[in-house]
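**Q** Please work out how this folds:
(2 chains)
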Amino acid sequence: MPEPLDQEAYQRRLDRLSEMFGSMMETVEDLTTKRCPYKNKEGRCTAGFGCRNQRKPPQKGEKYICGGDDKLDYRSAWEVP
Amino acid sequence: MTELNQVTNEFIRGEIDEFVERPEERERMISMFAACRPEMLDIGAALIEGEDGVVDELTRAQLDAGTEALEVMDDGLIAGMALVGIKFRENFIFVPEVLSCARAMKAGMAHIEPILSDAGIEPVGKVVMGTVKGDLHDIGKNLCIMMLRGAGFEVIDLGVDTSPDDFIDAVEEHSPLVMGMSALLTTTMPNMGKTIDAFVDADLREAVKIMVGGAPVTPEFAEDMGADGYGKDAMECVAIAKQLVGVGSGA
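**A** Reported below is the predicted structural model:
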């Protein structure tokens, strides 16, 4: 017999998701002190703005390579419009 | 004890094998995914890969085939996101990948929301979110949106570089209970105040509660500019939004 879809059942799923996302935010908090949040797992830049750490990608149309060393405050490299 | 080879999806088996290192967590993941139907594992796998188009398609197909919405949520979307959380915590993936997975989750939830609505389950509230004019930084806003959606809010994302007129148009169009503005730069932070002034000038200030956040923003600055709430991070953003719509106690 499937669980009925009601407010309580849905709320339990939301609570679980909120708990999961809450843990992720703790990781975000820790990670952003040492790694630019716009840098993906391949070391490419996903920012929609200029940054002095962006290096030309090997293929046209690919994302910039992040040239930051993660030791400096990456924010100082971000270019503002 | 359930064995890894009882997880029928090869991709998810590989993910558990490669990325889930803590024994108790590994056991929990194996037993959770081993209990899921293959169709749900396909949805979970697509979510883990951040493939929103695939999640969209598979979720639609499953719901059309009569699968219960709660099964899709539990065994497809939430199970997939649980593995994403572990990979993120262990630094196998980073914020951009997490946000892709959150987009994939949204693609699946878009098909579940009408079913929830038919069952009399409505969103906690509607929120319009945007990064202010002149500011192109979107990670903080996007994390807030992920958290808000996870908490049951409907969110309209206006993106970056949002002018006061764009905020006003969105509030007039969607009638949200709350509007959130984000800024990362000290140079763009005053545009939050200008946007609030524009709402006053348009005689719309009472139409919506306004919350603000972003690295340079302080509670004092938020109060001075006339915001209704300030959140220092995505967790507080959700607490403030709940407080502004009248659910929960807030931060």
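
**Q** how's chain A carved up into domains?
**A** Domain assignment for chain A, taken from automatic domain parsing, gives A:1-31, A:36-81.

**Q** Adding mean pLDDT, write those out as a markdown table.
**A** Written out in a markdown table, the entries for those read as follows (pLDDT from 0 to 100):
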| stretch | mean pLDDT |
| --- | --- |
| domain A:1-31 | 92 |
| domain A:36-81 | 86 |
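
**Q** need the helices for the stretch 51-200 of chain B, in chain order.
**A** In the stretch 51-200 of chain B, helices defined by DSSP state H, counting those that start in this stretch lie at B:52-64, B:69-71, B:79-89, B:95-118, B:139-150, B:164-174, B:190-201, listed in chain order.

**Q** Identify the residue nearest the spatially most central residue of chain B in space, chain neighbours excluded?
**A** Compute the mean C-alpha point of chain B, and by C-alpha atoms, centre = their mean the closest residue is residue B:146, 1.6 Å away. Distances taken as C-beta to C-beta, 6 or more residues apart in numbering or on different chains put residue B:102 closest to residue B:146, at 4.2 Å, once the chain neighbours are dropped. Where C-beta positions appear, they are placed from N, C-alpha and C, glycine not excepted.

**Q** what's the distance between that neighbour and residue A:41?
**A** The span separating residue B:102 from residue A:41 equals 15 Å under the rule C-beta to C-beta, to the nearest Å.

**Q** Residue B:124 contacts residue B:152, correct?
**A** Yes - between residue B:124 and residue B:152 a contact is recorded at 4.2 Å, counting by C-beta atoms under 8 Å.

**Q** Quickly list what's touching both of the two.
**A** Common neighbours of residue B:124 and residue B:152 (criterion: C-beta atoms under 8 Å, 6 or more residues apart in numbering or on different chains): none identified.

**Q** Run a quick neighbour tally on residue B:153.
**A** By other C-beta atoms under 10 Å in any protein chain shown, 23 other residues sit near residue B:153.

**Q** so how far is residue A:7 from it?
**A** Distance of residue B:153 to residue A:7, computed by C-beta to C-beta: 15 Å.
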